[in-house]
Structures are given as structure tokens and as C-alpha cells.
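Chemist: here is my input, please return the structure:
(2 chains)
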Amino acid sequence: MSAAKNEIPKDAFVITRRFAAPRELVWDCYTQEKHLKNWWGPKGFKMLKCSLDFRIGGVFHYGMASPNGQVMWGKWVFHKIEKPHLLANTVAFSDVDGGITQHPFAPVWPMETYAETSFEDLGAECGITLVWEPGNATPDQIQAFTDAHAGMNAGCEGTFSQLDTYLKTL
Amino acid sequence: MNLDLVFGALADPTRRAILARLALGEVSVSDLAAPFEMSLPAVSKHLKVLEHAGLISKGRDAQTRPCKLEPETLKAVDDWLEDYRRLWNESLDRLEDYLKTLQATSAKEKKNVRRKK
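Modeler: The predicted model follows:
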């Protein structure tokens, strides 16, 4: 079994990227409406409408159309703004009026997730590290889940791997 | 299904071991207790937590009460995690493309300005 497989669960809530653009520009893309509407959302989704109130406690509210035309609303609420290196916001499913709703396909799961993005200046490039977590889970619960997930994915331990395989067949 | 209950249930190594055992198939409570060097009531307590979280169910047979994994719950946690990961990953893919477009456009504009002079 590869070491890489073991590392997946540990990183389940962390995403790192390196962009070939200066940090200022990447920061602008995260914090300006004219930019956000051009990249935020799953692949194939089109931003129909959005509004941004960029301040702590402020909201980025948006409506997107899925490739098959279904309209979905979402919103961010900004929690930390430390230009140019740190941004923290919640991401939630929303409705046309900006209320918070459940994930349309997973009605029992947390209403929102909390994301913290740090921006690293690498000269002509910018590195970002995104750490996200379920909005209403405690750090202990996150750890527990991450551990359990590690167990599920540890193929060489055998026991959980069968569970994992079974889960994939569902 | 309640996420807090699921996280709480998964937080304990014994309960995770029980789930792992149940992944191999249904087991009666007493057979389940055997490898854990634990009293039957202690194991029953763990099973109650798992059952309450929707991670396992108990069979009807009053004698053996076989325990059964309810994998849909774990699957739902996994799906939920995957959905949010996908949202971020796909958005960041789009950001990468968008940054390229932005910089290509601004390079072109600079060129045009220079040409006009």
C-alpha cells in the first residue's frame, strides 16, 4: 500500500494550490465581485446574479445555473479579512433572499462550512492553502471524523478496506 | 441522521473497531464483545451509541440480537465531504484558468497602449 493513500484523510479538509499570478491579483479575485463571478462555483455552472458586501460580517450572495439549468443560490459571510494574506468565510447554500438553506442533496448535513484561505507571496506566483471544516462541528469532531476516515482508507489494515469497498458499491 | 451524533460515535477507537468488525458481516453482541476484553454491558453501551447515530442496527432475534452495519450513514458523511471538496476544487480550477485569461488580456492591453504611443 502506498504512503500517499495514508495521507489523503489527513488532508481531507486541506487544499493547496499554486497559481501563476501575483498574490495581489489572486487576492482581488477572491474579494471583488467582477472577479468572483467569473470563477466561483462548480465546473459548468454559470453565475446568474451576485452581490458582494466586502467587510467583516458582510455577505457575498449569488445565484448560479447548473449545466442542466437548475438554479442554486449560495452565500459567503466574511469572518476574517487580513489583506493580503488571510481570508476566512463561511460557505452556505442559500435562497433567492439570502437566507441559509440546507445542501439541496444532503438535507441532514451541516448548513455551512467554514473556510480559511491563506495567500502566500511567491513573487510571480501565489500559493494558497485552504482549510475548511463543517460549520457546526467542533475541532474534536473534525479530528474524530478525519481519524475514522483514515481508518476507512487504510487499505493495508484490511478491516476497514472492506467497508470502504462496500461503501463504493452503494 | 445527525452529524453531531455520527461524529461523536466515530470519536471512540473501540466503536471504530466495532464498525470495522461489522464491515465483515453481522455478529451477535456476545461474539462482538469477545475480542475486546470488555464486559457485555460495556460493549452494549458502545452499540447503543452507534445505533443512535444510525451507524448500526440490531436484528430482531431476541436471543442473539445480531448487529449489522448501516453503511449508508458513513457513505452520506463521505458524500458530503466529497461534495464540498469538489466545489472547492472545481472553483479553484476555474480560478486558475481565469487568472490566465486575466493576465493574457492585461498583457495584450499593455501592448496596445504601447503601440498607440
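Chemist: from here on, just use CA atoms for contacts and neighbour counts.
Modeler: Fine.
Chemist: surely residue A:80 touches residue A:114?
Modeler: No. Residue A:80 sits out of contact with residue A:114 when judged by CA atoms under 8 Å, with a separation of 11.0 Å.
Chemist: so between these two, which is more surrounded?
Modeler: residue A:114 (20 against 15; other CA atoms under 10 Å in any protein chain shown).
Chemist: ranges for the strands of chain A?
Modeler: All strands of chain A, identified by DSSP state E, fall at A:14-19, A:46-52, A:59-65, A:71-82, A:86-94, A:100-101, A:112-122, A:125-134.
Chemist: show the average pLDDT along the first one.
Modeler: Same thing as strand A:14-19. Over the span of strand A:14-19, the pLDDT mean works out to 91.
Chemist: ditto for the third one
Modeler: Over the span of strand A:59-65, the pLDDT mean works out to 94.
Chemist: list the buried residues for that strand?
Modeler: Buried residues in strand A:59-65, counted by 16 or more other CA atoms under 10 Å in any protein chain shown: A:59, A:60, A:61, A:62, A:63, A:64, A:65.
Chemist: how about stretch A:91-98?
Modeler: A:91, A:92, A:93, A:94, A:95, A:98.
Chemist: so where do the helices sit in chain B?
Modeler: B:3-10, B:13-22, B:29-33, B:40-52, B:71-116 (DSSP state H).
Chemist: from these, which stretch is densest packed?
Modeler: Neighbour counts (mean count of other CA atoms under 10 Å in any protein chain shown) averaged over each of the helices of chain B peak at helix B:3-10, with a mean of 21.
Chemist: which neighbours do residue A:80 and residue A:114 have in common?
Modeler: A:88, A:89 (CA atoms under 8 Å, 6 or more residues apart in numbering or on different chains).
Chemist: do stretch B:108-117 and chain A meet?
Modeler: No. Using CA under 8 Å from any CA of the partner chain, stretch B:108-117 stays clear of chain A, coming no nearer than 15.8 Å.
Chemist: what is the rounded mean pLDDT of that stretch?
Modeler: Per-residue scores along stretch B:108-117 average to 74.
Chemist: if I look at residue A:125, how far off is residue B:101?
Modeler: 15 Å (CA to CA, to the nearest Å).
Chemist: quick one: pLDDT of the closest residue to residue A:62 other than its chain neighbours?
Modeler: Distance criterion CA to CA, 6 or more residues apart in numbering or on different chains; nearest residue to residue A:62, sequence neighbours excluded, is residue A:50 at 4.1 Å. Residue A:50 carries a pLDDT score of 95 in this model.
Chemist: what's the neighbour count on residue A:50?
Modeler: Residue A:50: 17 neighbours (other CA under 10 Å).
Chemist: distance of it relative to residue A:38?
Modeler: 11 Å.
Chemist: now the residue in chain B positioned nearest to chain A: phi and psi?
Modeler: Here chain B gets closest to chain A at one residue, residue B:11, 4.5 Å apart by CA to the nearest CA. Dihedral pair for residue B:11: phi -70, psi -20, per degrees, to the nearest 10.
Chemist: return the per-residue confidence for it.
Modeler: At residue B:11, pLDDT is 72.
Chemist: what about it, distance to residue B:44?
Modeler: In terms of CA to CA, residue B:11 sits 17 Å off from residue B:44.
Chemist: show me the domain layout of the chain.
Modeler: Picking chain A for this. Listed by automatic domain parsing, the domain ranges of chain A are A:14-135, A:138-170.
Chemist: let's do chain B instead
Modeler: B:3-69, B:71-117.
Chemist: tell me which of those sits nearest to residue A:16.
Modeler: For the domains of chain B, the distance to residue A:16 is smallest for domain B:71-117, at 9.7 Å, taking CA to CA.
Chemist: just to revisit the earlier point, for the helices of chain B, which one sits closest to residue A:22?
Modeler: Closest among the helices of chain B, once you apply CA to CA, is helix B:71-116, at 9.7 Å.
Chemist: and the angle from the closest one to strand A:112-122?
Modeler: Angle, helix B:71-116 to strand A:112-122, by axes from the mean of the first three to the mean of the last three CA atoms, to 10 degrees: 40 degrees.
Chemist: which helices and strands does helix B:71-116 pack with?
Modeler: Where contact means 3 or more CA pairs under 8 Å, 6 or more residues apart in numbering or on different chains; DSSP states H and E, helix B:71-116 is packed against strand A:14-19, helix A:33-39, helix A:159-169.
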